[in-house]
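**Q** Here's a sequence, model it:
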Amino acid sequence: MEYPAEWFGSQGEFEGLFFMIRFFRNLTLLLCLASGPALVVWVLSTEITALLWLVLAGAVLWPSLLMLWFLAFGRSQFPTRLKRTGLFFGVVIALGCVGALLLRYDGSASGASLPKFTWRWTEKVAEVVPANELSPVVWSKNKAPISAAADSAQFLGPTRDGVWPKLNFSPDWKSHPPKEIWRRPMGLGWSGFSVVGSRAVTQEQFGEVECVICYDLFTGRQLWVHRDDDTGYFYAGKKHKVAAMGGAGPRSTPTIYKGKIYTQGAAGIVNCLDLESGRVIWTGNPVSDHRGKLPVWGQSTAPLVIEEPGVVVVSCSEKPGATLVALDLESGEPVWTYAGRGASYSSPRLLTIFGKRQIVSVNARDLSGVDPASGGELWHYDWPGSNPKVGQPVLINKSRILATASYGVGSPLIEIKRAGEKWTAIEKWKSIKMKTKFSSVVVRKGYAYGMDEGRLACIDLAKGDRVWKKQKFGFGQQLLIGGDYLLIQAEPGFVVIGKINPQGFFETGRIEALSSMTWNTPTLAGRLLLLRNDREAVCFLLPPKTD
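**A** Here you go, the predicted structure:
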């Protein structure tokens, strides 16, 4: 049977159709090939390390996309293409199953949130709560004189901003290296130490038990243990899978005041303990009392003691619930509640602005100034975004507040104004050039210094412009000492010190302090430097000043 020639169209029409098919085939191949590198370039350009998850996902999806293109447009016969594509995905699935059998998820590999995996047969961290001195101390030949110590009673130093006004040790660690005094194993957690007299207190987790543990400052000997049972909400993700990414254990640093210790655990429990014995004076849980919801990553803020009106202020919960709660120092009874708009991971500070004492708090979606006597809101600044906000608010020039965060929300400089009893908060600028994730910035002579997504950076406070971004220290912490020196606890565990100015950071010494991921804040107690992570703690004696 013959068919009319007009059914097939002209040769020109056939060639045009062939050209279009070939063009579409090549275009889709080019798009598939470019999608992987384009994703990497875009993620790196944002400077937001949390987006590295997209690169990790792309490493799996990109070759899969190319295989699907091959299935649709490959030159071999379709049955052959189908067989090869099936083989590829079969191998991928098999490797995934083998990995699931041999590996276990062990939280984040770093502050960039990329996953860490360990062999399933490797030993887990200790789950048994230590009795007095059950955990051994690794002794050093060195001893610290009592005169070298000083109190450091709360999170991030005397004013909760990581600033120590005086430099009372030599920063030349190359000529005069610090001496290790003691080293010992620790339970899980990202808490720091607080020190009064010869006692150093921190918070740890063992299995399903959160602990407040007191150590001898000069020997590392364990003096007493307070335990809160059944607090495994943040233990290895058993009850909260997302929280496993951030590791297990308490995140808050204790506050010591007049012989008492005030602590807040990851699950919200607030304790008042006797410093000498660890005896419970009172305990409570404002989160459950207000029927609130725990933040995803756990309660992470340090209790704020305010001598007048005699309260300890703690962050509470996401909505519903309360943002801040003030408890009586002696009894633990509620004094006032600030409903606010939900708590964050940044610890409240007591600041004086225009002669008025106020609690300045970085909250989940705003900043606020709160009357410490009544809990009434003086002012607030809307700072939307559902991602965590961790950095401490920093007061600049008596009426301006710098708040910093990561995840692309922008770090604002806020100016507080007062007209009689009316307060307002006005944004002067917002910058994405200082993206702190777990740490806070420190301010010196018109410039702010901090860990911008793991690299030490400097911004000009006039407009928020970046001056420089240099050394990579990871998601660690830093302290500003004596106005000129920055002490940095790097995420991998080492510690450096150096001079800081708008020209850069100039290292003057380094010690290999810890050997695994460290997010905990360092504690400077005179010339004693206490460092810890979720595996071990160490105490160094810093060299005396030579001038």
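
**Q** remind me which residues of the stretch 201-350 of the chain are low pLDDT?
**A** Scanning the stretch 201-350 of the chain for pLDDT under 70 picks out 232-242.

**Q** What segments of it are strands?
**A** Residue ranges of the strands in the stretch 201-350 of the chain, as given by DSSP state E, counting those that start in this stretch, are 209-216, 222-228, 255-257, 260-264, 270-274, 280-284, 304-306, 311-315, 324-328, 334-338, 349-353.

**Q** tell me what the third one is packed against?
**A** Just to be clear, that refers to strand 255-257. Applying 3 or more C-beta pairs under 8 Å, 6 or more residues apart in numbering; DSSP states H and E, one finds that strand 255-257 makes contact with strand 194-196, strand 260-264, strand 304-306. Placement of C-beta: from N, CA and C, glycine included.

**Q** Any idea how far it is from the middle of the chain?
**A** Strand 255-257 has its C-alpha centroid displaced from the chain centroid by 23 Å (C-alpha atoms, centre = their mean, to the nearest Å).

**Q** State the next helix or strand along the chain beyond the helix or strand of the chain with the lowest mean pLDDT.
**A** Of the helices and strands making up the chain, the lowest-confidence element is strand 138-139, at a mean of 69, by mean pLDDT, DSSP states H and E. The C-terminal neighbour of strand 138-139 among helices and strands, as given by DSSP states H and E, is strand 163-164.

**Q** partners of that following strand, with directions?
**A** strand 477-481 (parallel) (DSSP bridges).

**Q** List the buried residues in the longest helix along the chain.
**A** Longest helix in the chain by number of residues (criterion: DSSP state H): helix 11-46. Residues of helix 11-46 classed as buried: 32, 36, 39-40, 43 (neighbour count, 16 or more other C-beta atoms under 10 Å).

**Q** With stretch 48-63 instead?
**A** Neighbour-count burial for stretch 48-63 flags 48-52, 55, 58, 62 (criterion: 16+ other C-beta under 10 Å).

**Q** What would that stretch look like as PDB? C-alpha coordinates only.
**A** Once non-C-alpha atoms are left out, stretch 48-63 reads as follows in PDB (Å, rounded to 0.1, in the frame of the first residue of the first chain):
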ATOM      1  CA  ILE A  48      25.500  30.700  54.700                       C
ATOM      2  CA  THR A  49      27.000  27.400  55.800                       C
ATOM      3  CA  ALA A  50      23.600  25.900  56.600                       C
ATOM      4  CA  LEU A  51      22.900  25.800  52.900                       C
ATOM      5  CA  LEU A  52      25.800  23.300  52.500                       C
ATOM      6  CA  TRP A  53      23.000  20.800  53.000                       C
ATOM      7  CA  LEU A  54      21.900  21.600  49.500                       C
ATOM      8  CA  VAL A  55      25.300  20.800  48.200                       C
ATOM      9  CA  LEU A  56      25.200  17.400  50.000                       C
ATOM     10  CA  ALA A  57      21.800  16.700  48.600                       C
ATOM     11  CA  GLY A  58      23.000  17.800  45.200                       C
ATOM     12  CA  ALA A  59      25.900  15.300  45.300                       C
ATOM     13  CA  VAL A  60      23.200  12.600  45.300                       C
ATOM     14  CA  LEU A  61      20.600  14.200  43.000                       C
ATOM     15  CA  TRP A  62      22.900  15.600  40.300                       C
ATOM     16  CA  PRO A  63      24.200  12.200  39.000                       C
END
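
**Q** where does Arg91 land in three-state SS?
**A** Actually, residue 91 is Val rather than Arg. Taking DSSP: H, G, I helix; E, B strand; the rest coil as the rule, one finds Val91 in the helix state.

**Q** go on, Trp53?
**A** Judged by three-state DSSP, the three-state class of Trp53 is helix.

**Q** nearest spatial neighbour of it, skipping sequence neighbours?
**A** Sequence neighbours aside, Ser113 is the residue nearest to Trp53 in space, at 6.5 Å (criterion: C-beta to C-beta, 6 or more residues apart in numbering).

**Q** That neighbour is in contact with Val55, isn't it?
**A** No: taking C-beta atoms under 8 Å as the definition, Ser113 is not a contact partner of Val55, at 11.7 Å.

**Q** Now do the contacts for the spatially most central residue of the chain.
**A** Centroid-nearest residue in the chain: Phe438, 2.6 Å away (criterion: C-alpha atoms, centre = their mean). With contacts defined as C-beta atoms under 8 Å, 6 or more residues apart in numbering, the neighbours of Phe438 are 111, 390, 451, 475, 477, 519.

**Q** Need the pLDDT of the second one.
**A** What the model reports for Val390 is a pLDDT of 95.

**Q** ok, Val201 - contacts?
**A** Each residue near Val201 by C-beta under 8 Å, 6+ apart is listed here: 193-195, 212-215, 254, 256, 261, 275.
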